[in-house]
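Peer 1: this one's structure only:
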């Protein structure tokens, strides 16, 4: 009887340790992938904003809205580099992202393409259409943030009642400044 109790105790200790170790390994694996996802999500948003900024410089130069210290050809090269950086970041989203984050990135990608196309003259549009594309891009970035947060199990939203929609930060027009 005593030997049976000792064997049963040893067996239950072994099973408990095995299950705890397995649970610990799963948790570590999940945490490791969450860390990679956070990095991928942050890099993707950073690359998207970098692509927008490069597009803005090309657009402003091409439209004569602002002078930059670089010629337009160099600014277009910067935009190409920003596109490559964004493409690499997007591939990480495709590999690591949750379904909703991937879908949100596809929505953002469409707007980023339109911004770059208008910046380089591949599509036409007015200044107000340009600004609306940029507004749409930042709404899409916020939607991506929400999807990424949900995928990572982070509570709260970037958008919604507690966070009203923000507009582009634009300097006053020249006409308004002269008044």
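Peer 2: Done, it's in. Treat the numbers as computed from the prediction; the structure is a model and nothing was measured.

Peer 1: Without its sequence neighbours, what residue ends up closest to residue 37?
Peer 2: residue 96 (5.0 Å; C-beta to C-beta, 6 or more residues apart in numbering). (Glycine included, C-beta is placed from N, CA and C.)

Peer 1: my read: the one you found touches residue 40, true?
Peer 2: Yes: between residue 96 and residue 40 there is a contact under C-beta atoms under 8 Å: 4.9 Å.

Peer 1: Quick check: longest helix in this structure by residues?
Peer 2: Ordering each helix of the chain by length in residues (DSSP state H) puts helix 2-62 first.

Peer 1: For residue 1, give me the pLDDT.
Peer 2: Looking at residue 1, its pLDDT is 74.

Peer 1: Same question for residue 40.
Peer 2: 97.

Peer 1: which SS state does the spatially closest residue to it that is not a sequence neighbour fall under?
Peer 2: In space, not counting the residues next to it along the chain, residue 40 is nearest to residue 92; the distance is 4.0 Å by C-beta to C-beta, 6+ apart. The three-state label given to residue 92 by DSSP: H, G, I helix; E, B strand; the rest coil is helix.

Peer 1: Low-confidence stretches in the protein?
Peer 2: Along the chain, the model assigns pLDDT under 70 to residues 6-8, 14, 17-18, 23-32, 158-179.

Peer 1: Spell out the secondary structure type for residue 154.
Peer 2: Secondary structure of residue 154, per three-state DSSP, is coil.

Peer 1: Got the phi and psi for it?
Peer 2: phi -90, psi 130 (degrees, to the nearest 10).

Peer 1: do residue 125 as well
Peer 2: The phi/psi pair for residue 125 (degrees, to the nearest 10) is phi 170, psi 160.

Peer 1: How much space separates residue 76 from residue 116?
Peer 2: For residue 76, the distance to residue 116 equals 10 Å [C-beta to C-beta, to the nearest Å].

Peer 1: between these two, who's got more neighbours?
Peer 2: Using other C-beta atoms under 10 Å as the criterion, residue 76 and residue 116 rank with residue 116 on top: 24 against 19.

Peer 1: Let me see the contact set for that one.
Peer 2: Residue 116 makes contacts with 51, 55, 79, 83, 122, as judged by C-beta atoms under 8 Å, 6 or more residues apart in numbering.

Peer 1: Now list the buried members of these.
Peer 2: The neighbour count (16 or more other C-beta atoms under 10 Å) marks 51, 55, 79, 83 as buried among the contacts of residue 116.

Peer 1: between the residues you listed, which is closest to residue 142?
Peer 2: Checking these against residue 142 with C-beta to C-beta, the nearest one is residue 51 at 16.5 Å.

Peer 1: so who does that closest one touch?
Peer 2: By C-beta under 8 Å, 6+ apart, the neighbours of residue 51 are 79, 82-83, 85-86, 112, 115-116.
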